[in-house]
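Participant: Next come a sequence and a model predicted from it.
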Amino acid sequence: MAAADQIRGDMTLSDYSFPHSRLRRRITTTDRTPLVLIACGSFSPITFLHLRMFEMAADYARFNTQFEVVGAYLSCVGDAYKKSGLVKAEHRINMCSLAVAQSSWISVDPWEALHAEYLETAKVLDHFNDEINEVIGGVETPNGRKKCHIALLAGADLIQTMSTPGVWADKDIDYILKNFGAFIVERTGTDIDEALSALQPWKSNIWVIQQLVQNDISSTKVRLFLRRDMSIRYLVPEPVVQYIEEHGLYEEDGVAAASAGGAKDREGARPGESKGVAEAGSSNSGGA
Ligand SMILES: Nc1ncnc2c1ncn2[C@@H]1O[C@H](COP(=O)(O)OP(=O)(O)OP(=O)(O)O)[C@@H](O)[C@H]1O
Ligand SMILES: NC(=O)c1ccc[n+]([C@@H]2O[C@H](COP(=O)(O)O)[C@@H](O)[C@H]2O)c1
């Protein structure tokens, strides 16, 4: 990993600067709105599916919308997010950085994870909007500067939790879907129509992406394979395999040991969330 991408365990917010080197600062079209995709999650560890989500969303945006993707970010939850199977944020960020090392347009932003307290997704999206549109000033176009549209990129299971009572504050759902919107990747085990049924008021700001090649990799399954001493090669990028080996990650059994059947090993309620997210999430990781 390039030294510049390394996150040290003792890094604090005072060492932080917004990573913008992969953000395209100029577009040549006048009829398109620049778009930046933000994927929030645990990424413990990042998998090839997480990376595919960005490519699927970029294709979708190009063929089906008036957006032009100018950049994308992975934002890992911090250590205050209580979920079994979550290794330290430092490791999750480093694995994400290794995974996108070859990408010209996907970056990893450690800002969320550098907070000791849990940060709601609305605050994380506000941070990106602030850095990209207020500090940097959006992108240049032939007609002058234009603000970027910042959108959440998520799997269908995450959007389904928005209908689970107590997981998201109503005001946050309204704020996120009204101001940012979401690109949603279908996920095996989640009924997308059901997931979206309660979100109809914001449907013009929700873009559903079909997985043309169904891919059901989950971090839970990767952790389960590791605990069973099985190979995870070709489920996650090779440098991530090596990082996990070098740091001896995921060797200990989680609390629920992934229920020995591959179900998501949630510990229950996390800061800002009810136990509902655990139940809602459990449908997506079938037996491994
Ligand atoms: N196979 C998949 N299909 C569609 N979306 C996915 C898939 N795997 C992960 N995602 C999405 O990626 C984002 C980050 O997910 P997260 O880090 O929770 O991964 P995960 O594999 O679901 O993790 P875990 O198994 O630990 O719960 C979420 O929006 C999630 O919905
Ligand atoms: N209230 C909220 O803002 C809220 C609720 C549930 C999940 N989330 C986010 O969704 C993502 C879920 O990730 P996991 O699927 O790994 O649990 C995380 O980034 C988390 O912060 C946010």
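Facilitator: Sure thing, it's come through. Being a predicted model, the structure only gives us computed values, none of them experimental. Ligands and ions are numbered 1, 2, ... in the order given.
Participant: show me the contacts for the residue of the stretch 1-150 of the chain found nearest ligand 1.
Facilitator: The nearest approach of the stretch 1-150 of the chain to ligand 1 comes at residue 41, 2.5 Å away (Cβ to the nearest ligand atom). No exception for glycine: its C-beta is placed from N, CA and C like everyone else's. Contacts were defined as Cβ atoms under 8 Å, 6 or more residues apart in numbering; by that measure residue 41 touches 50, 74-77, 154, 158.
Participant: Can you say which of these are also within reach of ligand 2?
Facilitator: Of the residues in those, proximity to ligand 2 by Cβ under 6 Å from any ligand atom holds for 77, 158.
Participant: Helices along the stretch 51-200 of the chain, start to end?
Facilitator: In order along the chain, the stretch 51-200 of the chain carries the following helices (DSSP state H, counting those that start in this stretch): 89-99, 121-129, 156-160, 170-179, 192-197.
Participant: So for residue 9, what's the pLDDT?
Facilitator: Residue 9 carries a pLDDT score of 76 in this model.
Participant: check which helix or strand covers it.
Facilitator: Take DSSP states H and E as the rule and residue 9 turns out to sit in neither a helix nor a strand.
Participant: Show the contacting residues for the residue nearest to it when sequence neighbours are not counted.
Facilitator: For residue 9, ignoring the flanking residues on the chain, the nearest one in space by Cβ to Cβ, 6 or more residues apart in numbering is residue 90 at 4.8 Å. Residue 90 is in contact with 7-9, 11, counting by Cβ under 8 Å, 6+ apart.
Participant: can you tell me how far residue 90 sits from residue 249?
Facilitator: Noted for residue 90: a distance of 11 Å to residue 249, by Cβ to Cβ, to the nearest Å.
Participant: do the same with residue 110
Facilitator: From residue 110 across to residue 249, the span is 18 Å (Cβ to Cβ).
Participant: Compare those two (neighbour count), which wins?
Facilitator: In this comparison of residue 110 against residue 249, neighbours counted by other Cβ atoms under 10 Å, the higher total goes to residue 110 at 26 against 19.
Participant: quick one: contacts for the more buried one?
Facilitator: Contacts here follow Cβ under 8 Å, 6+ apart; on that basis residue 110 touches 7, 11, 16, 76, 89, 93.
Participant: how about 7 Å then?
Facilitator: With contacts defined as Cβ atoms under 7 Å, 6 or more residues apart in numbering, residue 110 is in contact with 7, 16, 93.
Participant: which among the residues you listed end up buried?
Facilitator: Buried members of the contacts of residue 110, scored by 16 or more other Cβ atoms under 10 Å, are 7, 93.
Participant: ok, the contacts of residue 110 vs ligand 2, which is closest?
Facilitator: Checking the contacts of residue 110 against ligand 2 with Cβ to the nearest ligand atom, the nearest one is residue 93 at 13.4 Å.
Participant: show me the contacts for the closest residue to the closest one other than its chain neighbours.
Facilitator: Excluding the flanking residues, the one nearest residue 93 by Cβ to Cβ, 6+ apart is residue 7, at 4.6 Å. Counting by Cβ under 7 Å, 6+ apart, residue 7 makes contact with 90, 93-94, 110.
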